[in-house]
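> Sequence below, structure please.
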Amino acid sequence: MRRSIVAATATVAFFLGCATNHAYAERQPRMRDALAHLEAALSDLRAATSDKGGHRAKAISLTEQAISSVRDGIQFDNRH
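Now for the predicted structure:
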């Protein structure tokens, strides 16, 4: 009887731990905040006048790469 209670408790603790880790990985508030800031920056860059000696276009490209990297990081963390 005692062994079955211990086994059941361990099983429940294991599954709760897995669920907690999964829920925490999905939140990622700092990564999501960074993503929102990058998306706002990209919008501002696109709305800016185009005469910047090529620097605006480069900034747009680099910001798009940063957005992609942040999204990849979020997805990676959610899977591991």
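> for the chain, what spans make up the helices?
Assigned by DSSP state H, the chain shows helices spanning 2-27, 29-47, 55-79.
> Lowest average confidence across the ones you listed, which one?
Lowest mean pLDDT within those: helix 2-27, at a mean of 58.
> ok, now which ones touch the residue lying closest to Q28 once chain neighbours are set aside?
Excluding its sequence neighbours, the residue lying closest to Q28 (C-beta to C-beta, 6 or more residues apart in numbering) is I74, at 5.6 Å. Every residue, glycine included, has its C-beta placed from N, CA and C. Contacts for I74 (C-beta atoms under 8 Å, 6 or more residues apart in numbering) come out as Q28, M31, R32, L35.
> Pull out the buried members of the residues you listed.
Q28, L35 (16 or more other C-beta atoms under 10 Å).
> Can you name the two of the contacts of I74 that sit furthest apart?
Q28 and L35 (9.2 Å; C-beta to C-beta).
> hmm, back to that, and the contacts of I74, which is closest to R56?
Set against R56, the nearest of these by C-beta to C-beta is L35 (21.1 Å).
> That closest one reaches V70, doesn't it?
Yes - between L35 and V70 a contact is recorded at 4.9 Å, counting by C-beta atoms under 8 Å.
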